[in-house]
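Trainee: What follows is a protein structure lacking sequence information:
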């Protein structure tokens, strides 16, 4: 089985976002970057798929040199090799998916995994776009996956429940928390990753279809008041919710 | 007149979802800026409440119909929306930012070479080209975005844009297209409803619990309050990671971003990831024994006390108020 996993290098979720001087991106000063948390489920599932069916797992990332850190993390978890599709530009999801698809289509992968969204732009669309560019099936937001022959059965999380989806290989699966428990990179894995290859390629240039005019902070919420420290405050709270907020 | 706006309507179990009416209203306002018409698109079998959309001022709907289209099929739905785009030469497509919308919109986008602006929460139609605003970093920042592509796809966050009924009654023309051989390569074969009642992503009131509840069984205090309010139960990441609650209830970055009318945080200190996911709620109540907890910086009303005493009292008080 030829398995690809796409990973993205993103600010840690603990980041306090500051708007950059260009007012279009965040200020990266002091920001710690990590592998996108949803991509860890993708790496884990890719490795499990290889363990079950044999084959090779290739991790691919679109980004600048810093993304190599995230590729190394995937290699340390057990991925066989990495590809960095190098660009210093900030691409929208459409551009990222185009770049990924251009690379993926040459290598005829059976399955492509990636996180259901990256925790920076939260678009949740790169997997679906990529699948369509490749002519692959796609199941997004997967919390369960089973492959039998060419048949793919997955469960995806939706409002108020789950959908059981049937599809066929080749397929793009976007991964949601709950699918698996990502393994930790062992010391051996970390050492081995240093010897693994990361191939660098320029991306195929595409024009962005969307353009950020301005990034800004949401209006700060005015802190309210603490109305008490014990049960005696409860009637007052209910009164406020009913009469002032009018929400109950 | 410029090219039409397609309002992609979503049905589940043969009923149009509430977000579909929001999509229609939003499409109407965009179409009036562009001086064009809205055409609705619905895919499914018999749709019970299809006539309801005429109230929202729409007069033409393309209904792609086949028994096997009741459940979502990414492959078939993509083909059919693509058909609708070809037929109407639409410029804009509007979807609800739901599990289905998130899956389908980009598939269509890739096929028609359209940019996608997802999960918008506001818009500005006053300038030359429409600008759409969406949260990023789970709500820690907002971006104003415009299109550079000819075809354009927008998904709107549910419960944010109002579904507005129209003063002018419209005669609704439903054009039914029997679909003979839908491409069911990828299809939903079963819908498993979760045993919990309401989903946090769709609820108007959410009662959430965190590590301050100390043990999973203590979540019954949260559930009892949620019951009397008709609210959904949410949880902090700490409570989910501890295995106390299922992931679908997690609110915050790496969980769900929510904006209900009322959010009650119980025993949640307010990690930055949690605050990002719920700060846009209309009213926030925090109950936490540490008066310096960050949750109080976003709460409209707080009680700096013991959740184990306050929750039962609050449940009783609301019961009384509702009686």
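Mentor: Okay, I see it. Bear in mind the structure is a predicted one, so any value in this text is a computation, not a measurement.
Trainee: who does the helix or strand hosting residue B:263 pair up with?
Mentor: Assigned by DSSP states H and E, residue B:263 falls within strand B:262-266. Paired with strand B:262-266 in the same sheet, following DSSP bridges, are strand B:205-209 (parallel), strand B:283-287 (parallel).
Trainee: Near residue B:285, how many residues? Count them for me, please.
Mentor: Residues contacting residue B:285 under the criterion other Cβ atoms under 10 Å in any protein chain shown number 25. Where you see a C-beta, it was placed from the backbone N, CA and C, and this is true even at glycine.
Trainee: who's in contact with it?
Mentor: Applying Cβ atoms under 8 Å, 6 or more residues apart in numbering or on different chains to residue B:285 gives the contacts A:237, A:241, B:262-265, B:299-303.
Trainee: Distance to residue B:173 and neighbour count for those - can I get that in CSV?
Mentor: Formatted as CSV, the contacts of residue B:285 follow (distance: Cβ to Cβ, whole Å; neighbours: other Cβ atoms under 10 Å in any protein chain shown):
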residue, distance to residue B:173, neighbour count
A:237, 51, 22
A:241, 45, 22
B:262, 41, 21
B:263, 42, 31
B:264, 46, 29
B:265, 48, 32
B:299, 50, 26
B:300, 47, 22
B:301, 50, 23
B:302, 53, 27
B:303, 55, 30
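Trainee: ok, of those, which one's closest to residue A:123?
Mentor: Residue A:123 lies nearest to residue B:263 out of these, by Cβ to Cβ, at 24.7 Å.
Trainee: distance of the closest one from residue B:303?
Mentor: 14 Å (Cβ to Cβ, to the nearest Å).
Trainee: quick one: contacts for whatever residue of the stretch 1-150 of chain B ends up closest to chain A?
Mentor: Nearest residue of the stretch 1-150 of chain B to chain A: residue B:115, at 2.9 Å (Cβ to the nearest Cβ). Neighbouring residues of residue B:115 by Cβ under 8 Å, 6+ apart: A:92, A:94, A:208-210, B:109, B:147-149, B:151-153.
Trainee: just residue A:158 next, same as before
Mentor: Residue A:158 neighbours (Cβ under 8 Å, 6+ apart): A:141, B:98-100, B:191.
Trainee: let's see 6 Å
Mentor: Residue A:158 is in contact with residue B:99, counting by Cβ atoms under 6 Å, 6 or more residues apart in numbering or on different chains.
Trainee: Could you check how far it is from residue A:141?
Mentor: Taking Cβ to Cβ, one finds residue A:158 at 8 Å from residue A:141.
Trainee: do the same with residue B:38
Mentor: In terms of Cβ to Cβ, residue B:38 sits 29 Å off from residue A:141.
Trainee: Just want the residue of chain A that's nearest chain B.
Mentor: Chain B sits closest to residue A:209 of chain A, with a gap of 2.9 Å, by Cβ to the nearest Cβ.
Trainee: is it true that that residue touches residue A:96?
Mentor: No: Residue A:209 is beyond contact range of residue A:96, at 11.3 Å (criterion: Cβ atoms under 6 Å).
Trainee: So for the two, which sits in the more crowded spot?
Mentor: Between residue A:209 and residue A:96, counted using other Cβ under 10 Å, residue A:96 has the larger neighbour count: 28 against 23.
Trainee: So which of the contacts of residue B:285 is the closest to residue A:204?
Mentor: Nearest to residue A:204, judged by Cβ to Cβ, of the contacts of residue B:285 is residue B:263 at 44.4 Å.
Trainee: Enumerate the beta-bridge partners assigned to the closest one.
Mentor: Counting by DSSP bridges, the residues bridging with residue B:263 are residue B:206, residue B:284.
Trainee: so it makes contact with residue B:206?
Mentor: Yes: counting by Cβ under 6 Å, residue B:263 touches residue B:206, with 5.1 Å between them.
Trainee: Select the longest helix from chain A.
Mentor: Secondary structure of chain A per DSSP state H: the longest helix is helix A:37-53.
Trainee: Next up, the contacts around residue 53.
Mentor: No chain in the question, so chain A it is. Residue A:53 is in contact with residue A:1, counting by Cβ under 6 Å, 6+ apart.
Trainee: wrong one, I was asking about chain B
Mentor: Per Cβ under 6 Å, 6+ apart, neighbours of residue B:53: residue B:24.
Trainee: Check residue B:253 too.
Mentor: Residues in contact with residue B:253, defined by Cβ under 6 Å, 6+ apart, are A:13, A:119, B:138, B:273, B:276-277.
Trainee: and what of residue A:104?
Mentor: For residue A:104, counting by Cβ under 6 Å, 6+ apart, the contacting residues are residue A:4.
Trainee: how about it, phi and psi?
Mentor: As for residue A:104, its main-chain torsions (degrees, to the nearest 10) stand at phi -70, psi -30.
Trainee: again with the one 5 residues further on
Mentor: In terms of degrees, to the nearest 10, the main-chain angles of residue A:109 are phi -70, psi 150.
Trainee: number of nearby residues for it?
Mentor: 26.
Trainee: my guess is it contacts residue A:6, does it?
Mentor: No: counting by Cβ under 6 Å, residue A:109 stays clear of residue A:6, with 10.5 Å between them.
Trainee: just so I have it, where are all the helices in chain A?
Mentor: A:37-53, A:67-77, A:93-105, A:126-134, A:187-195, A:234-239.
Trainee: Also chain B?
Mentor: B:18-34, B:74-88, B:99-112, B:219-229, B:237-241, B:272-278, B:307-322.
Trainee: Take those and lay them out in JSON lines including distance to residue A:179 and mean pLDDT.
Mentor: Shown next, in JSON lines, are those (distance: least, Cβ to Cβ, whole Å; pLDDT from 0 to 100):
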{"stretch": "helix B:18-34", "distance to residue A:179": "26", "mean pLDDT": "96"}
{"stretch": "helix B:74-88", "distance to residue A:179": "18", "mean pLDDT": "97"}
{"stretch": "helix B:99-112", "distance to residue A:179": "15", "mean pLDDT": "98"}
{"stretch": "helix B:219-229", "distance to residue A:179": "24", "mean pLDDT": "97"}
{"stretch": "helix B:237-241", "distance to residue A:179": "14", "mean pLDDT": "96"}
{"stretch": "helix B:272-278", "distance to residue A:179": "20", "mean pLDDT": "95"}
{"stretch": "helix B:307-322", "distance to residue A:179": "32", "mean pLDDT": "96"}
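Trainee: Now that we have these, can you turn them into a markdown table and tack on distance to chain A and mean neighbour count?
Mentor: Output for those, formatted as a markdown table (distance: least, Cβ to the nearest Cβ, whole Å; neighbours: other Cβ atoms under 10 Å in any protein chain shown):
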| stretch | distance to chain A | mean neighbour count |
| --- | --- | --- |
| helix B:18-34 | 10 | 22 |
| helix B:74-88 | 6 | 20 |
| helix B:99-112 | 3 | 25 |
| helix B:219-229 | 7 | 20 |
| helix B:237-241 | 8 | 21 |
| helix B:272-278 | 5 | 25 |
| helix B:307-322 | 4 | 18 |
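Trainee: No further questions, thank you.
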